[in-house]
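**Q** structure for the following, please:
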Amino acid sequence: MIMAEKTKKLAISTLKGIAFLIGGFWFGYQFTGNPFDDLILILKGEIAQGFVVNGWEDAGEDDRGHAKSSYGVTYKFRLPDGREFSHDVKGSGQLNSDFSDFSQPIPVEIEYLPSDPSVSRLKGDGSPNLFDWLWRKLGLSIVIFVQLLFPGALTLRNAFREYHDYPTWPRE
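**A** So this is what the prediction gives:
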């Protein structure tokens with residue numbers, strides 16, 4: 001009976017630790033997006049002319065009654081070799097005032113990766129230089145990840161110690 005309880009407690013602690021680790025990765029990715037797409041566009045991106053062809057804006061309230069706005073735009077661009085790409089961008093806040101009338105496509109510049117043009121962004125979105133990328137993308141991702149990594153790693157460590165009858169931390 002005691003061994004079954006110990007095994008159950010170990011399994012629960014291990015699952016909690018793994019959940020914190022996965023949550024750290026997931027939340028960091030959701031909060032900052034893929035930081036490496038932004039970095040590669042800074043280092044190797046090229047510029048193409050494109051058009052914003054569609055957009056939307058949604059205003060509402062969150063669970064606490066505060067105003068909440070979100071938007072989305074669709075842009076298209078053509079490469080020098082004639083291939084055409086389309087991409088949807090979503091964000092929170094209000095739609096840029098330049099994108100208010102979609103009766104005609106709105107000309108924009110697009111940054112894209114020549115080796116993989118599906119990696120693209122509107123010029124001016126994202127980090128403009130390496131320092132800004134280090135701070136905004138990598139730095140914030142690490143801070144968020146560490147905040148969830150520490151309790152996850154601590155929970156896994158305590159589960160391991162309980163399994164091997166080591167004293168747990170903090171000592172009681």
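
**Q** and the chain, what are its domains?
**A** Under the assignment automatic domain parsing, the domains of the chain span 2-32+136-163, 46-113.

**Q** pick the most buried one from those domains.
**A** Stretch with highest mean neighbour count among the domains of the chain: domain 2-32+136-163 (a mean of 15; mean count of other C-beta atoms under 10 Å). Using the backbone N, CA and C atoms, a C-beta is placed for each residue, glycine as well.

**Q** could you pull up the mean pLDDT of that one?
**A** For domain 2-32+136-163, mean pLDDT rounds to 75.

**Q** over to stretch 124-132?
**A** Rounded mean pLDDT across stretch 124-132 is 82.

**Q** mind listing what's buried along that stretch?
**A** 126-127 (16 or more other C-beta atoms under 10 Å).

**Q** need the three-state assignment for the nearest residue to residue 99 once chain neighbours are set aside.
**A** Leaving aside its chain neighbours, residue 99 sits nearest to residue 55 (5.0 Å; criterion: C-beta to C-beta, 6 or more residues apart in numbering). Recorded secondary structure, residue 55: strand (DSSP: H, G, I helix; E, B strand; the rest coil).

**Q** can you tell me who the nearest residue to residue 118 once chain neighbours are set aside pairs with across the strands?
**A** Excluding the flanking residues, the one nearest residue 118 by C-beta to C-beta, 6+ apart is residue 85, at 6.5 Å. Residues in a beta bridge with residue 85, per DSSP bridges, are residue 77.

**Q** what's the burial count for the closest residue to residue 137 other than its chain neighbours?
**A** Excluding the flanking residues, the one nearest residue 137 by C-beta to C-beta, 6+ apart is residue 35, at 3.8 Å. Close neighbours of residue 35, defined as other C-beta atoms under 10 Å, add up to 21.

**Q** and the strands in this protein, which stretches?
**A** Assigned by DSSP state E, the strands in the chain fall at 46-61, 67-78, 84-92, 106-113, 116-122.

**Q** from residue 102, how far off is residue 54?
**A** 6 Å (C-beta to C-beta, to the nearest Å).

**Q** what mean pLDDT does stretch 103-111 have?
**A** Within the predicted structure, the mean pLDDT of stretch 103-111 is 91.

**Q** just to check, residue 49 is in contact with residue 112?
**A** No: Residue 49 is not in contact with residue 112 according to C-beta atoms under 8 Å; the separation is 11.1 Å.

**Q** tell me, what's touching these two both at once?
**A** With contacts taken as C-beta atoms under 8 Å, 6 or more residues apart in numbering, residue 49 and residue 112 have residue 77 as neighbours in common.
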